[in-house]
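Asker: Have a look; sequence and predicted model below, questions after that.
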Amino acid sequence: MDDGLWTILSDAFGGRVDISGEVLLDSAVDEDEDEEVGSASFKDDGTPTQKHARVAQLAAALQGGMEAIAASLGSRLSSEDQMRSLTASLQQQHEETRRIQEMQLQLLRELLVQRHD
């Protein structure tokens, strides 16, 4: 993986915790570990094992991020449903208030007519 991309992703996800409380991406790398990796960590195909570990860490971080996004969208949808419910309730209360005010106005008019007669 490109070191620049790894830096960007580790900055974005490093030290963050997902819903289950697990660290999304552990970007702490020991300097001694980097020196020990050297040419001994290369496989026959020429890719270092550390890069495989980074890919696995990245995959775990991306999975955690996607789970967090899905949970966020789920709560947003329920928030939208709650908003619709509250809006419908307010509209119903508004209509009831209008009916009561119309009845009050009608009673006041009848009282005025009775007073003048």
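Answerer: Looks like it arrived, so ask away.
Asker: for the helix or strand containing residue 111, packing partners?
Answerer: Residue 111 is part of helix 49-116 when elements are defined by DSSP states H and E. Packed against helix 49-116 by the contact rule (3 or more C-beta pairs under 8 Å, 6 or more residues apart in numbering; DSSP states H and E) you find helix 3-13. In this view, the C-beta of every residue, glycine as well, is placed from N, C-alpha and C.
Asker: So what angle separates the directions of the helix it packs on and helix 49-116?
Answerer: 40 degrees (axes from the mean of the first three to the mean of the last three C-alpha atoms, to 10 degrees).
Asker: Output helix 3-13 as CSV - backbone C-alpha positions only.
Answerer: Provided in CSV are the C-alpha atoms of helix 3-13 (Å, rounded to 0.1, in the frame of the first residue of the first chain):
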residue,chain,number,x,y,z
ASP,A,3,2.7,5.2,2.4
GLY,A,4,0.9,8.4,1.6
LEU,A,5,-2.5,6.6,1.5
TRP,A,6,-1.6,4.8,4.7
THR,A,7,-0.7,8.0,6.5
ILE,A,8,-4.0,9.6,5.4
LEU,A,9,-6.1,6.6,6.5
SER,A,10,-4.2,6.2,9.8
ASP,A,11,-4.7,9.9,10.5
ALA,A,12,-8.4,9.6,9.8
PHE,A,13,-9.1,6.4,11.7
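Asker: if we can go back for a sec, mean confidence (pLDDT) on the helix holding residue 111, please.
Answerer: When pLDDT is averaged over helix 49-116, the result is 86.
Asker: cool, and stretch 4-18?
Answerer: On average, stretch 4-18 scores 69.
Asker: How many residues are close by residue 55?
Answerer: 13 (other C-beta atoms under 10 Å).
Asker: and residue 22, what pLDDT?
Answerer: 65.
Asker: swap that for residue 40, please
Answerer: Looking at residue 40, the pLDDT reads 46.
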